[in-house]
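>>> sequence-free structure coming up:
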């Protein structure tokens, strides 16, 4: 395959060839992780497919189909839809935020389009990675760090991040910034930008504090000293730690988690599902799950390295790191390492939009893999 | 390939280098997460395990089974019976609590009082806590609820334990009752059982006296609770130690007969076994229904009980302090016999003078009793004889004799609230009023009036001591659990046999010799004859004007001002077995109804086969308990 020419790669790959070329090992891995998630949802429902496990399986199957379809579509098609997708996502995000403000409903993360409920911030995670990958694909390493050239990607990251922050959704805003920053870093942003930015970021913490919502401040304060509010906001953190900690080495056994079964855990089927895993399968189960996640990430990095286009590489790493950031933030938050922000554990937490976002992301990753031989000129807009 | 330039090659190198850095960062993050897992689950795992258990497991007290109270033959006087009740759980009552209560109200009767209580309890409890709607339902009512259960969401039928007093009012003053725990009870007793919802403790009588033995030891139930405190399941149970059964000396049959015989009169009666002091019957009339207190007495019922002028809540046998009247005369007579006045003879003309005061005999209208000696003095209850006897004997000798007869101090019967009564003395009066004793007061004491007060249980003790010559002490419990209750040794009274024989003969003449004050109401069945002494106690002073107008009889007076009628007796005369005292408040009549009651009760007691009775203690209480356990 490595000898296949650009022209051959472009012209001769049939649907059948592409299907054979899908990295089925990665698909299997994803499926294994998702199945572990179903098992956890079955457990927290007290040994029932209702109300969580069954819809989750259904969504995963849809996501799996989506993944395959997306994988088969040429990477240059994705490149050409990158900007329009970003535009649509930004518009929806704007609409959601405005409706949220106008409607006076407070936190507004959902957009109702007829029967569909869309969470534009999730859409944005994929779109931002796509758009940034496309933009950075067109830039030479030397150009990226030029202030004017840098303004565009920073704006691309900043606009949605601010909108999401206004919803307010600190967790997703953090992930958007992390996604964008890591892509800029990978594209070769000068250390002269990176180090001062980190310094400024640290210096800005006290200023950011002033602009934070009370509930966000409370989360931080509670995080720093959970016992200060042991029955209020600190309750969630304490109970989550008790759940994970009480699992010990080998866990209490499947469906034997008292913390989850007796409702001591908050949001046990969504954001805090990791604690159920920790309680029922213990250290062994958690480490095994972390290893599975690590292997998925390793797959993603390898796919990125193997791609012959800068767009493909950036897209693959962007998607992979987005997946990683979910895991990092969720696991760290439920284990009391960082304040509580509403970020689910990918593939495991109950939730439709998150599941579909993750699967679409893996679809794009797979597309990069399938089309790894495709070389795209720097100034190409991606269209075939 | 022309479309790729060198710049692309260099940025691929940059990408690769930086990807490796990022991968390194990812590894560091995973290492940190793994480290945190290690810290939580391996290093602190045991501590978190403990905290999860503390979250999960809650200890709930389990009320032990309350000990029973039985009579001397093992008849259950207080027991536990099944309490069929209906509970409501707010969160399960999908149509609302009011609708559910209304639905029950169509099946069984619910008073407004009950409905109000349900509302109050619902408001004070968590939504998943069952609240009782109705208790102590009949099987019929309970079945009706169960039949309709599918249409009654939120309603739970339940079977609990409740205290039952099958004989109701007739034993109320012995047994007392159990009722809800009050704040004061909690303060005096640290047993955590008291804070159990619905727990009942003894408030009066034996239930109170032996509360700690009857209550038993709390059990515990380890239950799993969820984050909201709802019990999910029971993990283990220690039923606790059931309370001890208490065996009384009471003979339920005699008790019942006596209670029925006293009827609705305001009266008190005690029957003792003279050979050992066992209380065979102890009736204070009227009684109350102890079951009512257990269920929860209404304000109206409570008011009715407390305002009743017959005082149904008072155990008159041990707390009623009455002037003994002429029943005190045998005490004076005993004192005379042993203090050189055995041959005292007085000429009764109906009255006598001491200083400026004239003292009358009850027979003053008929011109007195004429020549009266000690025995005849008792038989006809001549006041003049005993005025003179008391005057000669002196108050301090009277005091000592009365104390030796068991008066002036608590008998120590195992019931709460006993009063000591009062036997006056010179020292007492000086201490109490700061003025010296007057001789006229000695005369009054001689006929059981003035300062002297005694309780009916003391009078029964007096009768038993006169009959046996032993210092009989009344006792009402025989066994508590397996432990036989200690019983004071029977000491001989400090009186000569001659003295006792003379007084016994006088008391025999009261009932069995024509002319005796109670001859008309004697026991005529051979072998069952009783000896006794009548008495009346004034509750108001008889004035000179009363004597002038002849308004001395009781019939013309309002009930409250009539004299108390008293009687002490023992039987059978030849070989005394039972002693009795009876007082009928404001009950002095020419028919001597109280003597008739005493006669019937003593006869009934004797006919319960004395031979069998003597050896009839619960065929061995200990054995019984084991069989039952």
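Arrived safely. This one's a predicted model, so the numbers in the text were calculated from it and none came from an experiment.
>>> Return the nearest residue of the stretch 201-350 of chain A with respect to chain B.
Nearest residue of the stretch 201-350 of chain A to chain B (CB to the nearest CB) works out as residue A:245 at 2.7 Å. For the C-beta atoms, the positions are set from N, CA and C on the backbone; glycine is no exception.
>>> Can you show me the helices along the stretch 251-400 of chain B?
Remark: helices assigned in the stretch 251-400 of chain B by DSSP state H, counting those that start in this stretch are B:252-262, B:290-295, B:299-307, B:316-319, B:329-337, B:374-380, B:383-393, B:395-404.
>>> Surely residue B:265 is in contact with residue B:587?
Yes: counting by CB atoms under 8 Å, residue B:265 does reach residue B:587; the two are 6.2 Å apart.
>>> Compare those two and say which is more crowded by neighbours.
Remark: of residue B:265 and residue B:587, residue B:587 carries more neighbours, 23 against 19, as counted by other CB atoms under 10 Å in any protein chain shown.
>>> distance of that one from residue B:565?
To residue B:565, residue B:587 is 4 Å away according to CB to CB, to the nearest Å.
>>> Now the common contact residues for those two.
B:593-594 (CB atoms under 8 Å, 6 or more residues apart in numbering or on different chains).
>>> State the pLDDT value of residue 79.
You didn't pick a chain, so chain A it is. On the pLDDT scale, residue A:79 is placed at 94.
>>> was after chain B, sorry
Residue B:79 is assigned a pLDDT of 92 by the prediction.
>>> can you check residue B:114 too?
Taking residue B:114 on its own, its pLDDT is 83.
>>> hang on, it packs against residue B:132?
No: with contact defined as CB under 8 Å, residue B:114 does not reach residue B:132; the gap is 9.2 Å.
>>> Residue B:357: neighbour count?
Look at residue B:357: counted by other CB under 10 Å, it has 11 neighbours.
>>> picking that back up, give me the common contacts of residue B:265 and residue B:587.
Joint contacts of residue B:265 and residue B:587 (CB under 8 Å, 6+ apart) are residue B:593.
>>> So residue B:235, which state does it fall into?
Three-state call for residue B:235 (DSSP: H, G, I helix; E, B strand; the rest coil): strand.
>>> re earlier: and of the helices of the stretch 251-400 of chain B, who's closest to residue B:236?
Closest of those to residue B:236 is helix B:290-295, at 30.3 Å (criterion: CB to CB).
>>> pLDDT (mean, whole number) over that closest one?
83.
>>> can you pull the contacts of residue 287?
No chain was given, so I picked chain A. Counting by CB under 8 Å, 6+ apart, residue A:287 has contacts B:34, B:37.
>>> looking at chain B here, not the other one
Residues near residue B:287 by CB under 8 Å, 6+ apart: B:168-173, B:259, B:312.
>>> Make a PyMOL selection of the buried ones in those residues.
The buried residues among the contacts of residue B:287 can be selected in PyMOL (16 or more other CB atoms under 10 Å in any protein chain shown) with this line:
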select buried, chain B and resi 169+170+171+172+173+259+312
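>>> what's the farthest-apart pair in the contacts of residue B:287?
Farthest-apart pair in the contacts of residue B:287 is B:171 and B:312; separation 13.4 Å (CB to CB).
>>> thinking again about what came up before, would you list the helices of the stretch 251-400 of chain B in TSV and tack on distance to residue A:87?
Shown next, in TSV, are those (distance: least, CB to CB, whole Å):
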stretch	distance to residue A:87
helix B:252-262	98
helix B:290-295	77
helix B:299-307	78
helix B:316-319	97
helix B:329-337	118
helix B:374-380	125
helix B:383-393	124
helix B:395-404	113
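>>> which one of these lies closest to residue A:279?
helix B:290-295 (47.1 Å).
>>> Show me what that closest one packs onto, helices and strands only.
strand B:155-164, strand B:178-180 (3 or more CB pairs under 8 Å, 6 or more residues apart in numbering or on different chains; DSSP states H and E).
>>> Each with direction, which strands does the first one pair with?
Each strand paired with strand B:155-164, and its direction, by DSSP bridges: strand B:76-88 (antiparallel).
>>> Give me the distance between the strand it pairs with and the centre of its chain.
Strand B:76-88 has its C-alpha centroid displaced from the chain centroid by 20 Å (CA atoms, centre = their mean, to the nearest Å).
>>> what angle separates that strand from helix B:252-262?
Strand B:76-88 runs at 80 degrees relative to helix B:252-262, counting by axes from the mean of the first three to the mean of the last three CA atoms, to 10 degrees.
>>> The next helix or strand along the chain from strand B:76-88 packs against which elements?
Going down the chain from strand B:76-88, the next helix or strand is helix B:97-107, by DSSP states H and E. Under the contact criterion of 3+ CB pairs under 8 Å, 6+ apart, helix B:97-107 touches strand B:76-88, helix B:112-124, strand B:131-134, helix B:139-147, strand B:155-164.
>>> In the stretch 201-350 of chain B, which residue sits nearest chain A?
residue B:226 (3.8 Å).
>>> and the next element down the chain from the host helix or strand of residue B:459?
Element membership for residue B:459 (DSSP H and E) is helix B:456-468. Downstream of helix B:456-468, the first helix or strand assigned by DSSP H and E is strand B:477-480.
>>> Pull up the pairing partners for that next one, direction included.
Strand B:477-480 pairs in its sheet with strand B:246-248 (antiparallel), strand B:483-484 (antiparallel), by DSSP bridges.
>>> Which parts of chain A are strands?
A:111-113, A:116-118 (DSSP state E).
>>> Any idea which residue of chain B lies closest to chain A?
As assessed by CB to the nearest CB, chain A sits closest to residue B:48 within chain B, at 2.7 Å.
>>> Might one say that that residue is in contact with residue A:246?
Yes: with contact defined as CB under 8 Å, residue B:48 counts as touching residue A:246 (4.3 Å).
>>> more neighbours, the two?
Neighbours were counted for residue B:48 and for residue A:246 using other CB under 10 Å; residue A:246 has more, 30 against 24.
>>> from what I can see that one touches residue A:252, true?
Yes: between residue A:246 and residue A:252 there is a contact under CB under 8 Å: 7.2 Å.
>>> joint contacts of these two?
Contact criterion CB under 8 Å, 6+ apart; residues shared by residue A:246 and residue A:252: A:258, A:279.
>>> Show me the shaky parts of the chain.
You didn't pick a chain, so chain A it is. Residue ranges of chain A with pLDDT under 70: A:1-12, A:100-117, A:225-234, A:382-384.
>>> You answered for a different chain; I wanted chain B.
Short version for chain B, where the test is pLDDT under 70: B:1-7, B:197, B:229, B:540-556, B:609-629.
>>> Which parts of it belong to which domain?
B:60-248, B:252-301+B:309-605 (automatic domain parsing).
>>> gap between the two ends of the last one?
With CA to CA, to the nearest Å as the measure, the ends of domain B:252-301+B:309-605 fall 11 Å from one another.
>>> quick one: the helices in the stretch 401-550 of chain B?
Under DSSP H, counting those that start in this stretch, the stretch 401-550 of chain B gives helices at B:426-433, B:439-446, B:456-468, B:497-512, B:544-549.
>>> which outside residues touch the second one?
Contact partners of helix B:439-446, identified using CB under 8 Å, 6+ apart, comprise B:328-329, B:332, B:354-355, B:357, B:359, B:386-387, B:389-391, B:393-395, B:398, B:424, B:429, B:450-452.
>>> what's the answer for the longest one, then?
Around helix B:497-512, the neighbours that count as contacts under CB under 8 Å, 6+ apart are B:330, B:333-334, B:337-338, B:342, B:374-379, B:381, B:466-467, B:469, B:493, B:515-519, B:521-523, B:529-534, B:569-570, B:573.
>>> Could you pull out the buried residues of it?
B:499-500, B:502-512.
>>> again, but for stretch A:361-371
Neighbour-count burial for stretch A:361-371, with 16+ other CB under 10 Å as criterion, is recorded at A:361-371.
>>> Those into TSV, with extra columns for distance to residue A:279?
Output for the buried residues of stretch A:361-371, formatted as TSV (distance: CB to CB, whole Å):
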residue	distance to residue A:279
A:361	29
A:362	28
A:363	33
A:364	34
A:365	32
A:366	34
A:367	38
A:368	37
A:369	36
A:370	40
A:371	43
